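**Student:** quick one: sequence and predicted model below, then my questions.
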Amino acid sequence: MEKKEKELSFEESIKKLETIVRELEAGDVLLDDAINKFNEAVSLAKTCDLKLKNATNSINKILEDGSLKEFVPEEEK
């Protein structure tokens, strides 16, 4: 049975993404490694985007009388 890799936190993912970008920008990466790093960066970016969307959706709901209600800012009412 293959051991599942621990899911990175949002912050860990961003740090790893930043590291990959710096490595690719430096231009000292072999083509095959650059392609692999690019693919990993795209995956990390998608994961971060999903986590941000989920966080936004959670924040947009507030607890009212024991039930969740969609939050609508005052200027949108």
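**Tutor:** Alright, I've got the coordinates. Numbers count the residues shown, from 1 in each chain.

**Student:** C-alpha from now on. contacts and neighbour counts both.
**Tutor:** Will do.

**Student:** helix, strand, or coil at residue 69?
**Tutor:** strand (DSSP: H, G, I helix; E, B strand; the rest coil).

**Student:** surely residue 52 is in a helix?
**Tutor:** Yes - Residue 52 forms part of a helix when assessed by three-state DSSP.

**Student:** give me the neighbour count for it.
**Tutor:** Residues lying near residue 52 (other CA atoms under 10 Å) number 13.

**Student:** kindly report the same for residue 58.
**Tutor:** 13.

**Student:** how much space separates it from residue 70?
**Tutor:** Residue 58 is 9 Å from residue 70, where distance means CA to CA, to the nearest Å.

**Student:** just the pLDDT at residue 5, thanks.
**Tutor:** pLDDT for residue 5: 50.

**Student:** before we move on, what about residue 69?
**Tutor:** On pLDDT, residue 69 comes in at 71.

**Student:** how near is it to residue 57?
**Tutor:** 11 Å.
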